[in-house]
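> Predicted model, plus sequence, below.
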Amino acid sequence: MNMPTPPSQITGSYTSGLRYEDYPCPRLAVELDSLARRENQLVLAQEQRIKTSQSQAFWYGVGQGDGIEASELANVRGEKEAVRKAMDVKVCQKTGAGAGRS
């Protein structure tokens, strides 16, 4: 039926941590919080895509499949992991919205 992937099944794509190796801890924390907010927006967008696709599949027999939301969500999750690794290397304190591991 070509249904979109649930957000919980979208894993992070590989992102090199080299981009973040020169960032100081406060900047890494801001970056992690920003990525966490964007991740939340994309999860909501993907969930909306699923709802729309379910309705479409009911009426037309085919869903929408994944769109840009799923791809960007994978990228954002990969970026978050790269920032977390940079923070681990620098032994930064993790606080705020991006502190939890998903």
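Done, it's in. Model, not experiment: these values are computed from the prediction.

> Pull the contacting residues for the closest residue to residue 3 other than its chain neighbours.
Of all residues not flanking residue 3 in the chain, residue 63 sits nearest, at 4.2 Å (Cβ to Cβ, 6 or more residues apart in numbering). Bear in mind the C-beta positions are built from the backbone N, C-alpha and C, glycine included. Residues in contact with residue 63 (Cβ atoms under 8 Å, 6 or more residues apart in numbering) are 1, 2, 3, 4, 53, 54, 56, 57.

> Which neighbouring elements make contact with the one helix or strand residue 71 maps to?
Residue 71 is part of helix 68-90, with elements assigned from DSSP states H and E. Counting contacts by 3 or more Cβ pairs under 8 Å, 6 or more residues apart in numbering; DSSP states H and E, helix 68-90 packs against helix 25-60.

> May I have the phi/psi pair for residue 13?
phi -80, psi 160 (degrees, to the nearest 10).

> On the pLDDT front, check it for me.
Among the per-residue scores, residue 13 shows a pLDDT of 95.

> So residue 23 sits against residue 31, correct?
Yes: between residue 23 and residue 31 there is a contact under Cβ atoms under 8 Å: 6.9 Å.

> Look at the two and report which has more neighbours.
residue 31 (20 against 17; other Cβ atoms under 10 Å).

> What does the pLDDT read for the more buried one?
97.

> Kindly report the same for the one 3 residues further on.
Residue-level confidence at residue 34 comes out at 97, pLDDT.

> Ok, the one 5 residues further on next?
We have a pLDDT of 97 for residue 39.

> Equivalent analysis for residue 6, please.
If you check residue 6, the pLDDT there is 88.

> Buried by neighbour count: which residues of the helix or strand of the chain with the lowest mean pLDDT qualify?
Ranked by mean pLDDT, DSSP states H and E, the weakest helix or strand in the chain is helix 25-60, scoring a mean of 90. Across helix 25-60, burial judged by 16 or more other Cβ atoms under 10 Å covers 28-29, 31-36, 38-39, 42-43, 45-46, 49-50, 53, 56.
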